[in-house]
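Novice: Starting from these lines, generate the structure:
(one chain, ligands or ions: 1)
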Amino acid sequence: LTYTVGVDLGGTKIATVLMNENRAIVKSVEVATEAAKGPEIVMTRMQGTVEEVLQGISADEVTGIGIGAPGPLNAMTGMVYSPPNLPGWDKIPLQAEMTHRLGMQTVIDNDANAAALAEAMLGAGVGTSHMVYVTVSTGIGGGVVYDGRIFHGSTGAAGEIGHTIVKQDGPLCPCGNHGCLEALASGTAIRRLAKERFGKDMDSRMVAEAAATGDKRAKELLDEVYRWLGIGLINVIQMYDPSVIVVGGGVSRIGRPLFEALEQVVASNRFRSADFPVRVLPAKLGTEAGMIGAALLPIGAWS
Ligand SMILES: [Zn+2]
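Specialist: Residues are numbered from 1 along each chain as shown. Sure, this is the predicted structure:
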């Protein structure tokens, strides 16, 4: 058994890769998801990409297929439940359906967990067995790698750091709760705050640029956001006791000012002994983390 296949299923594109025994990507294919056409068509398109990367390779050389899909989903049962960006996917048995279609063992997991596994095995978290991955973009997602495996919890929803509540009666989160970390520190939150305070439509990159060129109010806004994010990370540290936290996603491209602020907030945690500092590192694999992680799923993501 030499190869695995990873499928990164997104709302706009399907990216599928073939990984060899050295965990290198040797082939990749990308197609539009055409999500509006519904689950049957999308699964047929996924099947097409898998068959394409496996051309010339016999089934007995393939360990398995891993699919990273948008949540909510249950990695243990292989069911996908109504992801916002995949219309018509209501209780779809994705794992069973793709195993049947491809005639090969298929595993699924949510895209943030797949990315977490990729960063732990081949990215910024290499060498650690306890790592938390946090992705900060439009929303805030996360994944916990515990003893070298993805930690799923009882329903597969473990590690949803974006929906830990950090401020009672805080702003409304898309999930329905108030004061989730995502409502206070995501790219969407930065945009909302900029609109409220400056009356302008600015994304996180624009706010960061303004702060870097000396705009005090922009810097203040970001300092608040970094503080919330840091509090979110402290909570994660208390819960999972990682040695490394890897931060990715669009907002992480702010770079050094963000990571310095996070390190500082995390270091201010009085509960944690200074003898065991937690490193906060930028993600290494960028947008490829999802597909690389999907290809790693069959190798031992969960048991
Ligand atoms: Zn929430």
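Novice: what pLDDT does the residue most central in space within the chain get?
Specialist: Nearest residue to the geometric centre of the chain (CA atoms, centre = their mean): Ala112, 2.4 Å. What the model reports as pLDDT for Ala112 is 94.
Novice: try the one 3 residues further on
Specialist: Ala115 is assigned 96 on the pLDDT scale.
Novice: quick one, what contacts it?
Specialist: Ala115 sits next to 68, 133, 135, 143, 248, 283, 285, 289-290, 293 when contact means CB atoms under 8 Å, 6 or more residues apart in numbering. Where C-beta positions appear, they are placed from N, C-alpha and C, glycine not excepted.
Novice: The same query, at a cut-off of 7 Å, please.
Specialist: 133, 135, 143, 248, 289-290, 293 (CB atoms under 7 Å, 6 or more residues apart in numbering).
Novice: Same question for Leu229.
Specialist: 136, 185, 262.
Novice: Which helix or which strand is home to the last one?
Specialist: When secondary structure is defined using DSSP states H and E, the element that contains Leu262 is helix 256-267.
Novice: so which helix or strand takes in Met98?
Specialist: helix 94-102.
Novice: Centre of the chain to that helix, how far?
Specialist: How far helix 94-102 lies from its chain's middle: 23 Å, per CA atoms, centre = their mean, to the nearest Å.
Novice: can you state the direction angle for whatever helix or strand comes next after that helix and helix 94-102?
Specialist: As assigned by DSSP H and E, the chain's next helix or strand after helix 94-102 is strand 106-110. Going by axes from the mean of the first three to the mean of the last three CA atoms, to 10 degrees, strand 106-110 is angled at 150 degrees with respect to helix 94-102.
Novice: Direction included, what does strand 106-110 pair up with?
Specialist: strand 62-69 (parallel) (DSSP bridges).
Novice: For the partner strand, list the C-alpha coordinates in PDB.
Specialist: The C-alpha coordinates for strand 62-69 follow below in PDB (Å, rounded to 0.1, in the frame of the first residue of the first chain):
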ATOM      1  CA  VAL A  62      -4.100   2.500  -2.200                       C
ATOM      2  CA  THR A  63      -4.500   2.700   1.600                       C
ATOM      3  CA  GLY A  64      -7.700   4.800   1.400                       C
ATOM      4  CA  ILE A  65      -9.400   8.000   0.500                       C
ATOM      5  CA  GLY A  66      -9.700  10.900   2.900                       C
ATOM      6  CA  ILE A  67     -12.300  13.600   2.500                       C
ATOM      7  CA  GLY A  68     -12.200  16.900   4.300                       C
ATOM      8  CA  ALA A  69     -15.600  18.500   4.200                       C
END
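Novice: Please, where are all the helices along the chain?
Specialist: 39-53, 94-102, 111-122, 181-185, 187-198, 204-212, 216-240, 256-267, 289-300 (DSSP state H).
Novice: Please identify which of those helices is closest to Ala15.
Specialist: helix 289-300 (4.8 Å; CB to CB).
Novice: For the contacts of Ala115, which entry has the maximal number of neighbours?
Specialist: Of these, Tyr133 is surrounded by the most neighbours, 34 neighbours in total, counting by other CB atoms under 10 Å.
Novice: Just give the closest residue to that one, not the sequence neighbours.
Specialist: Using CB to CB, 6 or more residues apart in numbering and skipping residues adjacent in sequence, the residue nearest Tyr133 is Ala116, 3.5 Å away.
Novice: tell me what the helix holding Leu262 is packed against?
Specialist: Secondary-structure packing of helix 256-267 (3 or more CB pairs under 7 Å, 6 or more residues apart in numbering; DSSP states H and E): helix 216-240, strand 279-282.
Novice: then that helix to PDB, C-alphas only?
Specialist: C-alpha atoms of helix 256-267 as PDB (Å, rounded to 0.1, in the frame of the first residue of the first chain):
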ATOM      1  CA  ARG A 256       4.200  39.500  13.300                       C
ATOM      2  CA  PRO A 257       2.100  42.100  15.200                       C
ATOM      3  CA  LEU A 258      -0.600  39.400  15.600                       C
ATOM      4  CA  PHE A 259       1.700  36.700  16.800                       C
ATOM      5  CA  GLU A 260       3.700  39.000  19.100                       C
ATOM      6  CA  ALA A 261       0.400  40.100  20.700                       C
ATOM      7  CA  LEU A 262      -0.900  36.500  21.100                       C
ATOM      8  CA  GLU A 263       2.400  35.300  22.600                       C
ATOM      9  CA  GLN A 264       2.200  38.100  25.100                       C
ATOM     10  CA  VAL A 265      -1.400  37.400  26.100                       C
ATOM     11  CA  VAL A 266      -0.700  33.700  26.400                       C
ATOM     12  CA  ALA A 267       2.400  34.300  28.500                       C
END
